[in-house]
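Asker: need coordinates for the below:
(2 chains)
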Amino acid sequence: MIPIALLVAIIAFFLIHLSPGDPATFFVSPDAPPEELERVRERLGVDQPIFVQFGRWLGGVVQGDLGVSFFQRRPVIQAYLAALPVTLMLAVGGMAIALTLALPIGIISALKKDSLVDKIGTVFVFAGISMPNFWFGMLLILLFAVFLGWLPAQGFIRGAGLGGYVRSLILPALALGYPNSALIARMTRSSMLEVMRQDYVQTARAKGLRAFVVTSRHAFMNAINPILTVVGLVFARMMAGSVVIETVFNLPGVGRLVVNSVMRRDYPVIQGALLLTALLIVGFNLIIDLLYAIFDPRIRYD
Amino acid sequence: MRLQLKSDAVPGRIVAGAALTLAMVTMAIAAPLIATHDPYAVAVRERFQPPSVENYLGTDEYGRDVFSRVVFGARISMYVGLGVMLISTIAGTIIGLFSGYYRKLDNVLMRVMDALMSFPSILLAIAILAAIGPRTGNVIVALSIVYTPRTARVVRGSVLSVREEVYIESAQAVGLGDLRIIFRYILPNVMAPLIVQATFILALTIIAEAGLSYIGAGTPPPAPSWGNILADGRPHMYRAWWMTVFPGLFIMISVLGLNVIGDGLRDVLDPRLRGSR
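Answerer: Sure thing, here's the model as predicted:
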C-alpha cells in the first residue's frame, strides 16, 4: 500500500515535469522584462532544481498539502474536493445502474445457457463493451433531451435544488453504467456457470431445495468473488470514463478540472488530481480485497 | 508457434469479426477512393445538410461532408491503434518475460506496472499528453504507456506457470542460457494469451483515441479523427443529429469486430476456458 502510493506520487510528479514548456511564460506578457519572468518563476517555485521541487512537493503531500493552483489561487486540495462529489456521484450512480442491469442478466444467462435469453444477453454485452461510453451518452442526449425533452442536455440547472441535481446526473450515470455493466454481466455469467458445475450445487438440488435458494445461496454466493474483482476494475474504468462524460455533459467534476488545468498548464492541479484519483482507486481496491474475505471465509489476511 | 488451428475449429464468429475488421482496414487504406468529397473542403452554403444522395451522412457546420470525414477518420484510428498495439505488445512482452523469469526483477517491475495501472487510463493519457503536447504521434506514445502494464501483467502471469514446466527445467539442466530459454522456450508458450490481449488493446485504443480527441487532448482539429467529428457535432445536436449518430456507429462497429475476434480467439486458444462461455 505505502510503496504503491509512493510510486504513484513519483510517477504523477515526474510525468508532469517532463513537459518542456515553462509555466511562468503563461503569467507574464511576452514583452515583459526578464526580471519579471524570473520573479514569477520564483513565486511558482519552478526556478529550483527538479529534485528540490519534488522533495518540497512530497513533503507537503504527506501533510495533506498539495500546493496551490497556479490559476485558481486556492489550494489544490480545495479545488479537488470541490470537484470530487460530482465525479463520485456519477461513479456511484453508474455503478448502481451497472449492477442492477448486470447481475440479473448475468445470472439468467447462466441459468438458461444457450437459450434465446442468453443470446440476447450476449448481444447486450458485446454492444456494451464495443461502445464508447461518451458516445452512448450523446445518444441518450439525442433521445431524452433533444427528441423527448424529458431531461436536461447538459450542466446543472441553477436553483433547481436536489431534484435538479439528480435529474442532471441521470443521463451521464446511465452513459457510464450501461457500457460497464456489460463487463460485470459477462463475468457474472461465466462465474455462475463455473460454480453451477460444482458438486455441492448438484447436492443442494438433489436434496430438493427450491431453485431460487440454490441459485441465490449456493451458487451466487460462491460466484461472487470474481464478480467483485470486475467491480473493482469497473470503478477504475468509471473514474476514467467520467473524464470524457463530464465534458459531454458539461459537469464540474474531476475530469473537467483536469482537462481545464491541462489547457492552462496548471501543474499542481494536474499532478494533485492524478495522485488523489489513483489513491482513491487503490483505496477502493483495498476495500474489495477485504470484501473477498467476507464472502469467502477461507481467505484470511494476517 | 504451434496453435494447431484446424479450419473447422475456427468458430463462425471469428470469421464475422474478421470481416468487420477487414472492412474497416480497407476503408482506412482506400480512403481517397471511397470518400466522395475532400474531408477538409469547406462549403458554407452547404452547412448542416441532412443525409442525402450527395452527402451520404450529411454535412457539418462548415459544410464538410461527414461521410468523407468519417472515412478518413478510420485512417487516424487505425494508425494510432496499430501503433499502440505494436509498441505496448513489444514492451509489455519484454517486461512480462523478464519479470516472470527473474523473481528479483519481478518485485521492482511489477510494482511500477501496478502503480501505472492505478491511474485511470484516460487521466494518465491526458497528463502525458499535457507534458508532450497534443499530436497524433504523441497519442500513440501516451496510450502505449497506459496499456503496456496490462500486457506485461498478462505475459508475466503466463510465464509464471510455464516456467514450472518440466521442459524448462530440462533446458536449464542441459545448461542453456537464460535468454535462449526465455525467447525460444517460454515466449512461444505465452503467445496465445498475448495475441488475444493485443486484439483487445487495439479495440481499447480506438475508443480511447476517440475520447482523447473529443476532449481536445488528442489529434487537433480540423483533422477528421472520429473524436473530433463527434466533438464538432456536440454543440449542434439540436439541428444535426447525423453528426453524432454516424461517427459513433463506425467506432462501435470497428471495436465490435475486434472484440468478437478477441473473444473467439480466447475460446479457441485457451482450452481451459472452453465450455465456460
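Asker: residue A:33: neighbour count?
Answerer: Using other C-beta atoms under 10 Å in any protein chain shown, residue A:33 has 9 neighbouring residues. Glycine gets a C-beta too; all of them are placed from N, C-alpha and C.
Asker: check contacts around it.
Answerer: Applying C-beta atoms under 8 Å, 6 or more residues apart in numbering or on different chains to residue A:33 gives no contacts.
Asker: what strand or helix carries residue 107?
Answerer: Since you didn't name a chain, this refers to chain A. Element membership for residue A:107 (DSSP states H and E) is helix A:76-111.
Asker: oops, chain B please
Answerer: Applying DSSP H and E, one finds residue B:107 within helix B:103-118.
Asker: packing partners of that helix?
Answerer: Other helices and strands packing on helix B:103-118, by 3 or more C-beta pairs under 8 Å, 6 or more residues apart in numbering or on different chains; DSSP states H and E, are helix A:2-17, helix A:267-295, helix B:66-101, helix B:136-162.
Asker: the third one near chain A at all?
Answerer: Pointing back at helix B:66-101 there. No - using C-beta under 8 Å from any C-beta of the partner chain, helix B:66-101 stays clear of chain A, coming no nearer than 11.4 Å.
Asker: how far off centre is that helix?
Answerer: On the basis of C-alpha atoms, centre = their mean, to the nearest Å, helix B:66-101 is displaced by 5 Å from the centre of the chain it belongs to.
Asker: what of the last one?
Answerer: Computed by C-alpha atoms, centre = their mean, the chain-centroid distance of helix B:136-162 equals 12 Å.
Asker: tilt between it and helix B:103-118?
Answerer: Inter-element angle recorded for helix B:136-162 and helix B:103-118: 140 degrees (by axes from the mean of the first three to the mean of the last three C-alpha atoms, to 10 degrees).
Asker: could you point out which element follows helix B:136-162?
Answerer: Past helix B:136-162, the next helix or strand by DSSP H and E is helix B:166-173.
Asker: what does that following helix rub up against?
Answerer: So helix B:166-173 is contacted by B:162, B:180, B:181, B:185, B:186 (C-beta under 8 Å, 6+ apart).
Asker: residue 249: neighbouring residues, count only.
Answerer: Chain wasn't specified; assuming chain A. 29.
Asker: please refer instead to chain B.
Answerer: For residue B:249, using other C-beta under 10 Å, the count is 15.
Asker: please identify the helix or strand for it.
Answerer: Assigned by DSSP H and E, residue B:249 falls in helix B:242-269.
Asker: that helix and chain A, are they touching?
Answerer: Yes - looking at helix B:242-269 against chain A by C-beta under 8 Å from any C-beta, the contacts come from B:244, B:245, B:248, B:251, B:252, B:253, B:255, B:256, B:259, B:260, B:263.
Asker: what about residue 264, how many residues nearby?
Answerer: Picking chain A for this. 15.
Asker: wait, I meant chain B there
Answerer: Counted with other C-beta under 10 Å, residue B:264 comes out at 21.
Asker: so what's it up against?
Answerer: Residue B:264 neighbours (C-beta under 8 Å, 6+ apart): B:10, B:11, B:13, B:14, B:17.
Asker: leaving out the residues flanking it, which one is nearest to whichever residue of the stretch 201-302 of chain A sits closest to chain B?
Answerer: Among all residues of the stretch 201-302 of chain A, residue A:240 sits closest to chain B, at 3.4 Å; criterion: C-beta to the nearest C-beta. Closest residue in space to residue A:240, ignoring its immediate chain neighbours: residue B:120 at 3.4 Å, by C-beta to C-beta, 6 or more residues apart in numbering or on different chains.
Asker: any idea how far that neighbour lies from residue B:197?
Answerer: 20 Å (C-beta to C-beta, to the nearest Å).
Asker: let's verify the residue nearest in space to the middle of chain A: helix, strand, or coil?
Answerer: Centroid-nearest residue in chain A, with C-alpha atoms, centre = their mean: residue A:239, separated by 1.7 Å. Under DSSP: H, G, I helix; E, B strand; the rest coil, the three-state class of residue A:239 is helix.
Asker: give me the buried positions along stretch B:230-249.
Answerer: Buried residues in stretch B:230-249, counted by 16 or more other C-beta atoms under 10 Å in any protein chain shown: B:230-234, B:237, B:240-248.
Asker: which residues touch that stretch?
Answerer: A:131-132, A:134-135, A:138-139, A:141-142, A:146, A:153, A:248, B:48, B:50-51, B:57-58, B:60-61, B:66-67, B:69-70, B:73, B:210, B:213-216, B:221, B:226, B:229.
Asker: and the lowest-mean-pLDDT helix or strand in chain A, how far out from the chain middle?
Answerer: When each helix and strand of chain A is scored by mean pLDDT, DSSP states H and E, helix A:34-44 comes last, with a mean of 77. What separates the centre of helix A:34-44 from the centre of its chain is 38 Å, taken as C-alpha atoms, centre = their mean.
Asker: for the next helix or strand along the chain from it, name the packing helices and strands.
Answerer: Next along the chain after helix A:34-44, taking DSSP H and E as the criterion, comes helix A:50-61. The contact analysis (3+ C-beta pairs under 8 Å, 6+ apart) places helix A:50-61 against helix A:2-17.
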